[in-house]
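> Sequence first, predicted model second:
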Amino acid sequence: MAKILVFLEHHGNELQKGALGVLSKAAQLGGDVAGVVVGEGARAVADEAGKFGASLVFAAEDPRLAAPLPQPRVDVLAKLVRDEGFDTVLFAQSVLAADVAGALSARLEAGLNWDLVDIVADGDGFIGKRPALADSVFADVAWTSTPRLALFRSGSFDANATGGSAEVRGLEVELEDFSTLTELVSQEEEESTGPSIEDADVIVAGGRGLGDPEKFALVEDLARALGGAVGATRAVVDAGWYPYASQVGQTGKSVSPKLYVAVGISGAIQHKVGMQSSNVIVSINKDPNAPIFEYSDLGVVGDLHEIVPKLTELVRSRKGS
Amino acid sequence: MSRASVRPADYPPPFSAAEAIATPTDPPDERIDVGILIVGAGPAGLAAAIRLGQLMEEDPATAERLGEVPVAVLEKGKAPGAHLLSGAVVNPRGIQRLFGDRLRVADIPSFGEVHGESVYFLTPNIATRIVTPPTMKNERNVVFSLSQLGRWLAERAEEGGATILAETDAQKLLVDHGRVLGVRTGDKGRGRDGEELARFEPGSDIAARVTILAEGTQGHLTGAALERFGLQGANPQVWALGVKEVWKVARPLDRVIHTMGWPLRGGRKYREFGGSFVYPMGPEMLTIGMVVGLDHRDVQLSVHDLLQELKTHPRMRDLLDGGERVQWGAKTIPEGGFVSLPRRFNAPGLLLCGDGVGLVNVPALKGIHYAIESGRLAAEAAWRALARGSSHRALATYDAALRESFVWRELREVRNMRQAFGRGFWMGSMAAGIATATKGRFPPKDKPTERDADQELIRTGRAARYPAPDGRLTFDKLSSVFLSGNRTRDDQPNHIRVQRRVPLDLAEAWARMCPAQVYEVGPSDGQGTVEVQVAPSNCVQCGAITAKGGRLTPPEGGSGPEYTLT
Amino acid sequence: MKIAVCVKAVPDAATGRRLDPATKRLARSGDLTLSDFDSHAVEEALKLKEATGDGEVVIVSMGPEKAMDALRKALAMGADRAVLVSDEALAGSDLVGTAKALAGALGREEADLVLFGQQSADGDGACLWAAVAEHLRRPTISQAAELTVEDGSVTGKRQTEFGYDTIRARLPAVVAVSDAINEPRYPSLKGIMGAKRKPQETLSAADVGGAADATTTVLALNPPPARGDSRRVEDDGNGAQAILEFLAEKRLV
């Protein structure tokens, strides 16, 4: 049976959802699953991990680990993997996790498969599922040796609290000399003025069907209600209705949010290639023959000027309650 | 109440050829000096570059005179081949004369010799085989993708010592004291309103001893040069628009096919001259295209949609059934032939070749071997200019060589055929038949051509018969533009010059004519005119607009289609 | 200051398809071009060199021989030298193998600063550079949206999910720059024409420490899972409600 270690990130006093998702998945795979939390407040959040499937959690809390820097974490993990004999280490995508996974791969000469959306058992080992070529192809990838490292795409797994508790163990920390040559000078948290279009989980985009530039307010209201970003088609950007930074499409930005709501967009291929790998696509257009309906998960044929404000209201009340 | 007929020529574009002529402005240390400058990496330009490479090898002493960069070829597309589009069934004569013993045509990547051919007259459901007109016989000719041939020729040119600068558009011809000194390349990194963006890079003056313009159809600098130096011939140039697709097919096509008739209308008032072609491209692919003269009068005539309609013919459906469309493109072809040729092909410091000056045999549908031959001859004239130290008279030897070549002879033989079709398909065919039989001796005089933009527009409801795109056999314009590989940067100045307020008929004619959906009819202003909306980033630079009342200028280098199989 | 930029030559979708004269079919192999992400790294290196007034920018890459064409684009932008690790033995290397080879080449250069683009256009993800930095045993900064070099350190503004961290690392260091850091310049014509004359070196596997055993493998390529049924609703006053229910079902609200 595999001996799995999951890298659990936390921010403040909460474990990251993505990491908990990977932990839940690891628990499903069977075998012993352990977690490791590193940094200030590690012990305090370690307990949580038990609820999501870890039977053992290592907590490394050391002033030298306070800053969210990757290299000291590589030192901690490398030692842990060697000392405890883990053969599989799983990471949930984040800026930090990617840095750690990459360096750990070199440190341990361990194979790393990244950008995975799933993992399945295969005999004694595993097979990872990885989208490639703008999600047009799915590759089955594997490891030829242990330890195996895997980095999962954001949002691949839901966190499932199954109850349970974990034994928490502290860790002694030994750092390489070059791991201490980087320092955190300052941190700035960004207020949520809304996510940028590249990072947004939700995007509401408007096209020519809006009729005139003022109607972009409908799109903005819905985006705000859903906590998302605003996108625009090339046609409306060309017409000066919205800035180029919001243009989604072949010659604009490529996005793959969890939810893409297309308002008054016909869906020509130039637009499609910029958003087709969105998880869920909902479109609203009065033309039943609009190409966008062919690749939407839900298509509503109707007048966006009536539907969108109503939807915004419904979303607000639901979130409010 | 009858409406006055609209002619595109009544609404000329806001453009003057003088805009494309300038004196050098870069200081000498910023200027780029080359020996011989060639504008256009198409068959004519690359043939010139290859011939110069041969001459440099044979005569290194003269080659020294050309400096550190002896031969430079400018190409506005992303790479050589990106803007090349043709059928193409090529007469190998031009290639053979270019390479001599150094190479056999069989060694060049191609789709092989023509193995059979048929010409059909189509009606909506029937294809009647007709005798192949003598001008259209294709035995021993070779099927090429011009785009692929361009790639290959570019490699040979580089091997011979030429420097190819892709993504580089030539915006102005540098002229001083009546002499061409080189070109100025276009700026990069300007925004929609012409403002300089963060990565703005100004164009450069490129100075050369001789400049060879091989820009292809509707050549930007060629047009300006013809005017500036008074080189235009007796008759205006006229053009056709060709729209074609490349398909992967389930069954190989065993022959070259040409058609006439449906979906074009033969009646004189329509002026719909043209036909279609289907050429095999190896065992797995074929290319199908529609070519129509731009003197067509119907407001709703759309060559792209005629191509879609053509594919619904049972014979065509059969060929494409089980297949998949893999590429699409469009380009204009100069059709004036002999009578529209410039009266001179040279000026001080300047030589003109290829499609840019109309060296196309319309009845035979051949121009590539003429382009190659003219490029070869231009290279030789440029070389003579160097060797003798005086360029003026040496460059005039190009004209003499051209007039003595097979290019001239053949163009003269077929000189009146295209004009005959202005009188309708049947009259035209008869006249063409007579001209062929007499090898051009009859009719004896040169028949004049009429400017495409002078044709009055008519409306017939033609669009009602265009097939609705089904996404499998027939396709809309936008998805077609996508398949041309066009990823033009949006945030750049509009390179298309047209009047923006014109009568509805003209606006609609442009919208239909353009295969790339660049023009759309905007709101009416209540005074009998409508706004013309322009989406320049769709443009595949076919040049049709220049024939019909507007003007195409080169956008930022690297823009436009990225053809690979056309 | 010597800056090394690690780049990858990726297939150019548009121009990379050629006809094989023998088979008359399209050949797979094609032109390679500089990855967009790496262009930002090259640009940043050039900017830093211009800011200090002197120094050298070396482009380092691993790939087939024709990758040198892509490296020339970086030379055309203004880089001084190109080094390509090219060896049959290294073809198809995975992350571990690639990182080792690149580290070998970079080790020979001993640059003060090594720059990477944050992600490669054909899917290398954000991991290769961290593996290389590990081999070089250098401090690192990732996702740098701004970079300054002063007094023997490099300071970067690093984009995270929560905002910005300002991080300082002692030189020599390895930095991965995000695509927000700059707008890569267009090479000037003079630059393009001069690129050919700049030094271009090719290294073999032996030069960089040999080839490594594979640690990962690709077993199969499958078409993506079907999108699933597409639902259509005609709005008759209930359109918004239908959407809300759908979103709720998908747990998106």
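Looks like it arrived, so ask away. It should be emphasised that the depicted structure is a prediction, and the values quoted were computed from it without experimental measurement.

> number of nearby residues for residue A:306?
Using other C-beta atoms under 10 Å in any protein chain shown, the number of residues around residue A:306 comes to 14. Placement of C-beta: from N, CA and C, glycine included.

> Against residue C:236, how distant is it?
With distances taken as C-beta to C-beta, to the nearest Å, residue A:306 is found 11 Å from residue C:236.

> Mind listing the shared neighbours of these two?
Common contact partners of residue A:306 and residue C:236 (C-beta atoms under 8 Å, 6 or more residues apart in numbering or on different chains): none.

> Contact partners for the closest residue in space to residue C:61 that isn't next to it in sequence?
With C-beta to C-beta, 6 or more residues apart in numbering or on different chains as the criterion, residue C:61 has its nearest non-adjacent residue at 5.0 Å, and that residue is residue C:7. Each residue near residue C:7 by C-beta under 8 Å, 6+ apart is listed here: C:34, C:35, C:38, C:41, C:42, C:59, C:60, C:61, C:70, C:71, C:74, C:117.

> swap the cut-off to 7 Å and go again
C:34, C:35, C:38, C:41, C:42, C:59, C:61, C:71, C:74 (C-beta atoms under 7 Å, 6 or more residues apart in numbering or on different chains).

> now those residues in JSON lines, with distance to residue B:299?
Below are these laid out as JSON lines (distance: C-beta to C-beta, whole Å):
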{"residue": "C:34", "distance to residue B:299": "47"}
{"residue": "C:35", "distance to residue B:299": "47"}
{"residue": "C:38", "distance to residue B:299": "50"}
{"residue": "C:41", "distance to residue B:299": "53"}
{"residue": "C:42", "distance to residue B:299": "51"}
{"residue": "C:59", "distance to residue B:299": "55"}
{"residue": "C:61", "distance to residue B:299": "55"}
{"residue": "C:71", "distance to residue B:299": "53"}
{"residue": "C:74", "distance to residue B:299": "51"}
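
> Could you point out the longest helix of chain B?
Using DSSP state H, we find that the single longest helix of chain B is helix B:368-388.

> CA atoms of it as PDB?
Provided in PDB are the C-alpha atoms of helix B:368-388 (Å, rounded to 0.1, in the frame of the first residue of the first chain):
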ATOM      1  CA  ILE B 368       3.600  31.400 -60.900                       C
ATOM      2  CA  HIS B 369       6.000  30.400 -63.600                       C
ATOM      3  CA  TYR B 370       5.900  33.900 -65.000                       C
ATOM      4  CA  ALA B 371       6.600  35.300 -61.600                       C
ATOM      5  CA  ILE B 372       9.600  33.000 -61.200                       C
ATOM      6  CA  GLU B 373      10.900  33.900 -64.700                       C
ATOM      7  CA  SER B 374      10.400  37.700 -64.100                       C
ATOM      8  CA  GLY B 375      12.200  37.400 -60.800                       C
ATOM      9  CA  ARG B 376      15.100  35.600 -62.500                       C
ATOM     10  CA  LEU B 377      15.400  38.200 -65.200                       C
ATOM     11  CA  ALA B 378      15.200  41.000 -62.700                       C
ATOM     12  CA  ALA B 379      18.000  39.500 -60.700                       C
ATOM     13  CA  GLU B 380      20.100  39.300 -63.800                       C
ATOM     14  CA  ALA B 381      19.400  43.000 -64.700                       C
ATOM     15  CA  ALA B 382      20.200  44.100 -61.200                       C
ATOM     16  CA  TRP B 383      23.500  42.200 -61.300                       C
ATOM     17  CA  ARG B 384      24.400  43.800 -64.600                       C
ATOM     18  CA  ALA B 385      23.700  47.200 -63.000                       C
ATOM     19  CA  LEU B 386      26.200  46.400 -60.300                       C
ATOM     20  CA  ALA B 387      28.800  45.000 -62.600                       C
ATOM     21  CA  ARG B 388      28.800  48.000 -64.900                       C
END
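
> How many neighbouring residues does residue C:59 have?
Applying other C-beta under 10 Å, I find that residue C:59 has 30 neighbouring residues.

> For residue B:286, name its beta-bridge partners.
In this entry, residue B:286 is beta-bridged to residue B:247, residue B:280, by DSSP bridges.

> same deal with residue C:158?
The partner residues for residue C:158, given DSSP bridges, come to residue C:144, residue C:165.

> Which strands and helices lie in contact with the longest helix of chain B?
Under the contact criterion of 3 or more C-beta pairs under 7 Å, 6 or more residues apart in numbering or on different chains; DSSP states H and E, helix B:368-388 touches helix B:43-58, helix B:93-99, strand B:210-213, strand B:350-352, helix B:392-404, helix B:406-413.

> if we go to 8 Å?
Judged by 3 or more C-beta pairs under 8 Å, 6 or more residues apart in numbering or on different chains; DSSP states H and E, helix B:368-388 is in contact with strand B:36-39, helix B:43-58, helix B:60-64, helix B:93-99, strand B:210-213, strand B:350-352, helix B:392-404, helix B:406-413.

> tell me which residues in that helix are buried?
Buried residues in helix B:368-388, counted by 16 or more other C-beta atoms under 10 Å in any protein chain shown: B:368-386.
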